[in-house]
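Chemist: 3D, please:
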Amino acid sequence: MKLKLIACDLDGTLLQGEARTCGSEIFPLIEKLYEKGVYFVPASGRQYLNLKRLFAPVGEKLLYISENGALVMHLDRPLTKNVFEDELALAICHAVYDRPECEIVISGERTGYVIPKKESFVPYIRDEIGNNITIIDAPERISEPILKVSYFTAKEDRDKVTAALLKQFEGKCLLVPSGNEWVDFAPLGTSKGSALAVVGEKLGIAPQEMAAFGDNENDRTMLEFVGHPYLMENCSPSMQNLAAERCNRVEDTLKKILEEL
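Modeler: Numbers count the residues shown, from 1 in each chain. Predicted coordinates for the structure are as follows:
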């Protein structure tokens, strides 16, 4: 196997069950990959600084695909960045916020802007998920480009809300589920797969020299792009049709990859 890059989703993939932090076993594996000239790339809907904290022991050796591909960071600087037009971003923000079932997170480069409806939402985003947040009273207060607009809603409300919002903004942006309670609006052309394409072009890495791990629909483009896709056994049912090698645990598969390298 000839590899130069391994991208890995977090929630439901590297982080199993209720895990909020990376297990210590992953860091020496990343170090060994780095020594062999292989980039390890966390690829997540999470914000960049959240990812950087999770991987602090090896942080400067990584590339980061954050915000489901809207922002790629290397050495603490953007490698590529995909943002909304201001008018569309504000329209999406107001449409989401006006839904009583939804809490909203609006993603900038290094913070998530929240307009909380419930007091419990702030500690959930800040302390449980681990995001940097800025509390605002209206989306017009945001002075930087918007990378992503996410909404959080109860599982039983997600599909109804998503259908209504999709109808309102169809063809203007992407709407991608991210787990059972989160859905993300992203600029057209944004995905983990398109982010990997840019990374490959900038760093001279071909798709067949890449591997990727994922479990959900927001990982599909990434798994379809790389030459060596790994799909988690506990993946979303909608992903079962994907042609990929099955994986129970990322760390165990990385050990096999290192042996083959």
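Chemist: residues contacting the residue lying closest to C22 once chain neighbours are set aside?
Modeler: Nearest-residue entry for C22: L54, 5.5 Å, with adjacent residues in sequence omitted and distances by Cβ to Cβ, 6 or more residues apart in numbering. (C-beta placed from N, C-alpha, C; glycine too.) Going by Cβ atoms under 8 Å, 6 or more residues apart in numbering, L54 touches L10, T21, C22, P42, G130.
Chemist: Doesn't F84 belong to a strand?
Modeler: No. F84 is assigned coil when assessed by DSSP: H, G, I helix; E, B strand; the rest coil, not a strand.
Chemist: That one and I142 touch, don't they?
Modeler: No. Here F84 lies out of contact with I142, judged by Cβ atoms under 8 Å, at a distance of 10.8 Å.
Chemist: So for these two, which sits in the more crowded spot?
Modeler: Between F84 and I142, F84 has the larger neighbour count (other Cβ atoms under 10 Å), namely 26 against 19.
Chemist: residues in contact with that one?
Modeler: By Cβ under 8 Å, 6+ apart, the neighbours of F84 are I92, P145, I146, L147, V149, C173, P187.
Chemist: L166 too?
Modeler: L166 touches L175, counting by Cβ under 8 Å, 6+ apart.
Chemist: Buried ones in the strand or helix carrying it, by neighbour count?
Modeler: L166 is part of helix 155-169 when elements are defined by DSSP states H and E. Buried residues in helix 155-169, counted by 16 or more other Cβ atoms under 10 Å: R158, V161, T162, L165.
Chemist: After that helix, which helix or strand is next?
Modeler: strand 174-177.
Chemist: Given the helix or strand following that next one, what are its sheet partners and their directions?
Modeler: The helix or strand immediately downstream of strand 174-177 is strand 182-186, counting by DSSP H and E. Using DSSP bridges, strand 182-186 pairs in its sheet with strand 148-152 (antiparallel), strand 174-177 (antiparallel).
Chemist: Alpha carbons of strand 182-186, as PDB, please.
Modeler: Provided in PDB are the C-alpha atoms of strand 182-186 (Å, rounded to 0.1, in the frame of the first residue of the first chain):
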ATOM      1  CA  TRP A 182     -27.800  18.200  13.700                       C
ATOM      2  CA  VAL A 183     -28.200  19.300  10.100                       C
ATOM      3  CA  ASP A 184     -25.800  21.700   8.300                       C
ATOM      4  CA  PHE A 185     -26.300  24.300   5.600                       C
ATOM      5  CA  ALA A 186     -23.100  24.700   3.500                       C
END
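Chemist: Same question for it: list its buried residues.
Modeler: So for strand 182-186, counting by 16+ other Cβ under 10 Å, buried means W182, V183, D184, F185, A186.
Chemist: next one: stretch 233-247
Modeler: Buried residues in stretch 233-247 (16+ other Cβ under 10 Å): C235, S236, M239, A244, C247.
Chemist: Can you give me the first-to-last residue distance of it?
Modeler: Stretch 233-247 has an end-to-end distance of 6 Å (Cα to Cα, to the nearest Å).
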